[in-house]
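# sequence unknown, structure follows:
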């Protein structure tokens, strides 16, 4: 089982639509959670952190369900510029011989294409 | 905001040669730098984590003698791909973090390596 699983898509939606992405993670001890956005052939950029109480940033709403190990991202009123791959990212603390280390684990991403 | 640069952005080299990629944090001190690799349509995979002044910690399956990492200062880390082969062709991305300021990692723009 992958550590972080996402539906790869693509999701093709018209401008103005609402779209939701889901993500599940396997490590119940994961510490923190993020959504990143990655444009084609570019580096990932942090979109938003995900908090247990749910959080909103403009048209974007993120939810976390620790019991189900499930994370979601809702985009309202989609814009053409929202077209990108959305990466679900989990931060784990891992024990190593050299001490405890923080590690980001990325999902494979869900591709969104917003059309006119 | 925190800026991370990478150089070169693209490199084409012949099989058997070595390639060095630089990662710099421009406006903050990076106590930890991370090196990732991303193959087409796949997620970012962490290769290694390096703390300033100490040896890098490599992820399982990553050959430390092939991917040499140096993190000699708080603003610079280098990844050297030694004796590169076509299967090493990939998108290499670094990220940097100052652990005193939290978990957020700031990503460089990536280096696209093509080995012919």
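Here it is on my side, so go on. Every value quoted in this text rests on a predicted model; they were computed, and no experiment measured them.

# Contact residues of chain B facing chain A?
Within chain B, the positions near chain A by C-beta under 8 Å from any C-beta of the partner chain are B:34, B:41-46, B:49, B:54, B:57, B:91, B:93, B:95, B:99, B:103-105, B:107-110, B:112. All C-beta spots, glycine's among them, are computed from the backbone N, C-alpha and C.

# Where does pLDDT dip in the chain?
Let's take chain A. Low-confidence segments of chain A, defined by pLDDT under 70: A:94-101.

# please go with chain B instead
B:1, B:102-103.

# List the contacts of the residue most central in space within it.
Central residue of chain B (C-alpha atoms, centre = their mean): residue B:35, 3.5 Å from the mean position. Each residue near residue B:35 by C-beta atoms under 8 Å, 6 or more residues apart in numbering or on different chains is listed here: B:23, B:46-48, B:50, B:67, B:69, B:77, B:79, B:92-94.

# can you list these in JSON lines and add neighbour count and distance to residue A:60?
Output for the contacts of residue B:35, formatted as JSON lines (neighbours: other C-beta atoms under 10 Å in any protein chain shown; distance: C-beta to C-beta, whole Å):
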{"residue": "B:23", "neighbour count": "28", "distance to residue A:60": "29"}
{"residue": "B:46", "neighbour count": "18", "distance to residue A:60": "26"}
{"residue": "B:47", "neighbour count": "23", "distance to residue A:60": "30"}
{"residue": "B:48", "neighbour count": "22", "distance to residue A:60": "32"}
{"residue": "B:50", "neighbour count": "26", "distance to residue A:60": "33"}
{"residue": "B:67", "neighbour count": "19", "distance to residue A:60": "36"}
{"residue": "B:69", "neighbour count": "24", "distance to residue A:60": "35"}
{"residue": "B:77", "neighbour count": "29", "distance to residue A:60": "32"}
{"residue": "B:79", "neighbour count": "26", "distance to residue A:60": "33"}
{"residue": "B:92", "neighbour count": "23", "distance to residue A:60": "29"}
{"residue": "B:93", "neighbour count": "26", "distance to residue A:60": "23"}
{"residue": "B:94", "neighbour count": "31", "distance to residue A:60": "26"}
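
# most residues in a single strand of chain A, which one?
strand A:84-96 (DSSP state E).

# Contacts only, for the spatially most central residue of chain A.
Taking C-alpha atoms, centre = their mean, the centroid of chain A lies closest to residue A:88, which sits 2.6 Å from it. For residue A:88, the contact set (C-beta under 8 Å, 6+ apart) comprises A:4, A:6, A:21, A:23, A:25, A:33-35, A:71, A:73, A:106-107, A:109-110.
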